Structures are given as structure tokens and as C-alpha cells.
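Participant: I would like the atomic coordinates for the input below:
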Amino acid sequence: MVAEVVNLVKRVNYKYFSRDRHFVERLHSVLGFTPAHLHLFKIAFYHKSTINNSQQNNNGGKKGEYIQSNERLEYLGDALLSFVIGEYLFNKYIQADEGFLTKMRSKIVKRKMLNYLAEQMGLDRMLMEFNNASISPSMLGNALEALIGAIYLEKGFAYTKNYILNGLVKKYINIHSLESFDDNYKSQLLEWCQKHTKEIDFRVISKSKNDKRDRFRIGVYIDGVEVATAEDFNKKSAEQVAAEIALAQLQP
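Facilitator: Sure thing, here's the model as predicted:
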């Protein structure tokens, strides 16, 4: 009872009197509640590149406040997403085999989809508030996973599960259209090469630093000839984009 009163006081303070009240207002519109443990939700939007810069400069604007990045919360949110989506699909597609369920789960929890969901939710504006670095698409999906981790620590599993299914999946994703949609371009390209007896190779052409983060340039080579290239902060994402470009050139 005492804890509930304390949390209520915290929520009222954050909502009406705190210097973070504008952030709290945006959070409420995204979450449907005002958190009592606001520091968790601030951490959810801190990317490691910003933390590294702050530590190197020995400041960060707030004398070391909230210096933890969102990586641990991201790990927790990723695990929750995988389980909740897996259970949802298991119950929805009663006759489906493991292969279909695995592919469907991958389509929902893959980085590109999470980036899309985060953008629809307006998380990009919150990321810009807490990070000095330029906001990349992958940072959006990371923040969403971290946010889910924070929701779990604040509200527990039942609320988090309901939020994932009703606040994300059913609100933003057309599950039925996703059933027949195949955006694994690397797999499609591998199948094309096998069908046409071609040798294929994905090579790292270069690796550079951008905002303290590794950025990969990937090339697709078919029978030793470079067909397409693409860049991304994530190696697998760069391979997918390069494969998509290659398929567009190879298929009529």
C-alpha cells in the first residue's frame, strides 16, 4: 500500500511538476500510462554512442545522470518480444508447422519491422531528444526493444504482453498480408543462383566508423563479378539491401 502511494506521488510529480513533464507527456501518449520509474524510460532512449561521447567529454550535460545505455533493456525487450510473438503465433496458427511459425516470427521481430513500428510510434523524436548523434534506422528498433524492457520492469509481464499484442502487432501490422510476404532477399538471391548454377559471394568491401559506430559496405559477387553494393550499420542488413538491389537487376 505504501509503495503504491509512493508511486502515485511520483507519477503526479513527473506529470505536472518535473522538468521532464513534456517528455512524460509524450511517453504517456505512447504507453497509455505515466511511469513511476522514469529513469528506466530515459535509459531506453540512450544509445551507447551518446554514452561514450558523454564519458569521453566527462559531462553529458547532467553531471553523469543516466549514463547507462539502453543495451541491457534492449536485451530484455528482445527476449520478451520473441516469446510473446512466438506464443501468439502458436495459438493463432494451430495447424502450422515449425518452419512457418519461425518464418512468421522472424518477419515480425526482425530489425526492419521493429524500425518501422518505432517510427510509427514516434520514437524517433524521443531519440533525438536524448542523443547527440544522428539517428539511424537501427537505433529506432533498439529503442523499441529497450522500451518494452522498461515496460516489463514497471508493469509486469501481463501488461507487457497486452501492450505488445494490442499496442503494436494488431495496431500496426497486417498479419494476413505478412503470411505471403517474403522480404528475405538474400535467401531469394541464393535460390536464384542455385537455380541458374551461379556462384555467389557476399564480401565486406569496407568497414568504417560513423558516429562511433561500425558501418559496413557489402558487395554481392556472382561468378566473381560485382553485381550490387550496399551500406548499413548492421552487416546482415547491408547484405539484405545489396541482395535486393542484385535481384532487381537480375530478374526481368
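Participant: secondary structure class for the spatially most central residue of the chain?
Facilitator: To find the centre residue of the chain, average its C-alpha atoms and take the closest one (CA atoms, centre = their mean): that gives G141, at 1.6 Å. On the three-state scheme (DSSP: H, G, I helix; E, B strand; the rest coil), G141 is labelled helix.
Participant: again, but for F45
Facilitator: coil.
Participant: that one and N91, how far apart?
Facilitator: Distance, F45 to N91, by CB to CB, to the nearest Å: 32 Å. Any C-beta I mention is one placed from the backbone N, CA and C, and that applies to glycine too.
Participant: one more: R203?
Facilitator: Shown here: R203 relative to N91, a distance of 42 Å by CB to CB.
Participant: between these two, which one's more packed in?
Facilitator: Neighbours per residue, other CB atoms under 10 Å: of R203 and N91, the larger number sits with R203, 13 against 8.
Participant: how is this structure divided into domains?
Facilitator: According to automatic domain parsing, the chain comprises the domains 37-179, 185-250.
Participant: could I get those domains as JSON lines with mean pLDDT?
Facilitator: As requested, these are exported to JSON lines (pLDDT from 0 to 100):
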{"stretch": "domain 37-179", "mean pLDDT": "87"}
{"stretch": "domain 185-250", "mean pLDDT": "89"}
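Participant: quick one: those as CSV, columns for distance to R19 too.
Facilitator: Converted to CSV, these look like this (distance: least, CB to CB, whole Å):
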stretch, distance to R19
domain 37-179, 10
domain 185-250, 27
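Participant: and those domains: which comes nearest R26?
Facilitator: domain 37-179 (6.4 Å; CB to CB).
Participant: straight-line length of that closest one, end to end?
Facilitator: Domain 37-179 has an end-to-end distance of 38 Å (CA to CA, to the nearest Å).
Participant: repeat for stretch 217-231
Facilitator: One end of stretch 217-231 sits 4 Å from the other (CA to CA).
Participant: can you give me how far that stretch is from the chain middle?
Facilitator: Between the mean C-alpha location of stretch 217-231 and the chain-wide mean there is a distance of 26 Å, by CA atoms, centre = their mean, to the nearest Å.
Participant: residues contacting that stretch, please?
Facilitator: Under the contact criterion CB atoms under 8 Å, 6 or more residues apart in numbering, stretch 217-231 has outside partners 189, 193, 198-208, 215-216, 232, 235, 238-239, 241-243, 245-246, 249-250.
Participant: do the same with stretch 103-112
Facilitator: Contacts of stretch 103-112 from elsewhere in the structure, counted by CB under 8 Å, 6+ apart, are 78, 81-82, 85-86, 89, 93, 96, 113, 137-138, 141, 169, 173, 178-179, 181, 183, 234, 237, 240.
Participant: buried subset of those residues?
Facilitator: Judged by neighbour count, with 16 or more other CB atoms under 10 Å as the criterion, the buried members of the contacts of stretch 103-112 are 78, 81, 85-86, 89, 113, 137-138, 141, 169, 173, 234, 237, 240.
Participant: and which of those residues is nearest I148?
Facilitator: Closest approach to I148 among the buried ones among the contacts of stretch 103-112 (CB to CB): L81, at 6.1 Å.
Participant: go ahead and confirm that closest one touches L147.
Facilitator: No. No contact is recorded between L81 and L147 when judged using CB atoms under 8 Å, the distance being 10.8 Å.
Participant: distance of L117 from I205?
Facilitator: Counting by CB to CB, the gap between L117 and I205 amounts to 31 Å.
Participant: and K92, by the same measure?
Facilitator: Taking CB to CB as the criterion, K92 is separated from I205 by 42 Å.
Participant: quick one: which of these two has more around it?
Facilitator: Legend: neighbour count by other CB under 10 Å for K92 and I205, higher for I205 (15 against 11).
Participant: and which of the buried ones among the contacts of stretch 103-112 is nearest to M126?
Facilitator: G141 (13.7 Å).
Participant: nice, that's everything, thank you.
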